Structures are given as structure tokens and as C-alpha cells.
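**Q** here's my sequence, what's the structure:
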Amino acid sequence: NFVSIAHFGGEQAHADTKSAISILSLASVMASLRLPTASRPAFRVPITAASAPLSLPAFATQNSVKFTKWVRSKSFNLVLSGALTVGLSLAGIGVAEAKIGVNKPELLPKEFSPVIDVAGFLSDGQEKRLAQEIDDIEKDTGFKLRVLAQNYPETPGLAIKDFWQVDDRTIVFVADPTFGNILNFNVGASIDLDIPRSFWSRLAGKYGNIFYWKEKGEDASIEAAVMAISNCLKEPVGPNNCSEVK
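**A** You can find the predicted model right below:
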């Protein structure tokens, strides 16, 4: 069981049909990251324009083996499961379904790295700093953070699942500015038990919105998001953990 999260800002409310088709394609990248299921009930969130803080571009609200939630008003839900279902709640665009696969292992690095930047957003120094921070997160918490920076369709796609050994203790963070909000997350079930679901939508809203990364750069959004995730994962689990995006 897992929670798939992809957040897209309301500024895309007037995207045209061609853009919508592209969105279905991006969903397939994340759809490839199907995580092992755990024995916990499915999480369902209605796909409405007024969904609570977590109306993530959720992926159809079937069972958690399919996909789960939406992040907020005027956002999409991208699902992460074998067969892709994407719900679109953008102006005038109804629910659409697609089965599209992307698999480009040739875009993977020769050696293992928790950070893959096929879009060229990060400098070598930034990649090294992020890799070190991610290594520290894993040592301190046991959770794995993996970062993929891409401009769809230039992405390794489902090839990253085996490359990173994605499991229910893995967060796959896909940075892709194609559709407005740059921050997209695929969260393993074990992490979802400890981290409030609202954290991911708040994180995307703060550092992923188009105004932020247009002004500060894609690299700034990626670095800020990684640090916010690091701070959150290192907080003691409790009713108020991760209540603030730092």
C-alpha cells in the first residue's frame, strides 16, 4: 500500500487539451513506481475542487493498490500503480484514463546515486550536497529519499524502480516543471504511517509553485524541498510532527 502524490498549482487551470494529454504521460512515469503493498486499508479522497489540504493530483480513488489522493483545489491526481488512472480536475477537463509506459534505462547513471538529474537543474556541487543529506536521512531514520529531476518525456521512467530498489520505506521525489508545480512525490506506505498527508501538499504549495521556482530557480525548489523533508523525517513522531514546512 502506498500513497502517490503529485501536486500541480492552480495556475494551470486554463491549460489546453494538448497540455492535458502530456499530463497523462507524466503520470505514467510515476505509475511505474508501484510499491509493495502492506496490510492496511485503502485511503480514499474524493476528487473535488474543494478537497482538504490534501487534494493531491491524486490518482483515481480506487483501492490503495491503485492510487490514492488529490492535493487541493485545481490540482490533478496522478496514480502510481501498474495500470495508470489519472483524474484531471482542471477547468473543463473530465476524468481521463491512460496506460502509457516510459522506460529509458539509458538515461540512468552508470553508478548508483540517490540523485538523478537528467534535466540539468543541479550543479555537480548541489548533487553532492543533496546526496550527502539523503545519506544522512537514511542513516538517521531508515527512510530512503530519492530525487529525479526531469523534463518529461526525458526521463528514465520505470527504470528507476529497480535502479533504486523502491520499497515502502522510499520517497521518490520527482522534480518536473512541465505542468506548473515542480514538486511531485511518491510516498511509501511505511512513511505514510508517520508523516501527515497534509505535509506533502503544504510542501508542494510552498516550494513547488511556479512563482517560487521561476524566481529562484528549479535547483532552489529541489534543495528547499529536500531540506524540508529531512527536517520532517527527523522530527519525533507525534500529533504535531511535520506541522511546519521548514
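**Q** show me where pLDDT drops low in this structure?
**A** 1-101 (pLDDT under 70).
**Q** the helix or strand residue 134 falls within: which residues count as buried?
**A** Using DSSP states H and E, residue 134 sits in helix 124-141. Buried residues in helix 124-141, defined by neighbour count with 16 or more other Cβ atoms under 10 Å: 126-127, 130, 133-134, 137-138, 141. C-betas here are computed from N, CA, C, even on glycine.
**Q** next secondary structure after that helix?
**A** Next along the chain after helix 124-141, taking DSSP H and E as the criterion, comes strand 144-149.
**Q** strand partners (parallel or antiparallel) of that next one?
**A** The pairing partners recorded for strand 144-149 under DSSP bridges are strand 115-117 (parallel), strand 170-175 (parallel).
**Q** list the contacts of the longest one.
**A** Looking back up the chat, that one is strand 170-175. Outside strand 170-175, the residues that touch it by Cβ atoms under 8 Å, 6 or more residues apart in numbering are 6, 29-30, 33, 35, 119, 121, 143-150, 160, 164, 166, 182-188, 191, 218, 221-222, 225-226, 229.
**Q** do the same with stretch 237-246
**A** With Cβ under 8 Å, 6+ apart as the criterion, stretch 237-246 contacts 194-196, 199, 202-203, 206-207, 227-228, 231-232, 235.
**Q** report the buried members of these.
**A** Applying 16+ other Cβ under 10 Å to those flags 194-196, 199, 202-203, 206-207, 228, 232, 235 as buried.
**Q** okay if I get the residues you listed as TSV plus distance to residue 155 and secondary structure?
**A** Shown next, in TSV, are the buried ones among the contacts of stretch 237-246 (distance: Cβ to Cβ, whole Å; DSSP: H, G, I helix; E, B strand; the rest coil):
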residue	distance to residue 155	secondary structure
194	28	helix
195	25	coil
196	29	coil
199	25	helix
202	26	helix
203	21	helix
206	24	helix
207	21	helix
228	23	helix
232	26	helix
235	31	coil
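**Q** those residues into TSV, with extra columns for distance to residue 109?
**A** Formatted as TSV, the buried ones among the contacts of stretch 237-246 follow (distance: Cβ to Cβ, whole Å):
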residue	distance to residue 109
194	30
195	28
196	33
199	29
202	31
203	26
206	29
207	25
228	25
232	27
235	31
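**Q** Throw the strands paired with strand 144-149 into CSV and include mean neighbour count, thanks.
**A** Formatted as CSV, these follow (neighbours: other Cβ atoms under 10 Å):
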stretch, mean neighbour count
strand 115-117, 22
strand 170-175, 24
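**Q** any chance of the ones you listed in a markdown table, plus distance to residue 241?
**A** Formatted as a markdown table, the strands paired with strand 144-149 follow (distance: least, Cβ to Cβ, whole Å):
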| stretch | distance to residue 241 |
| --- | --- |
| strand 115-117 | 25 |
| strand 170-175 | 15 |
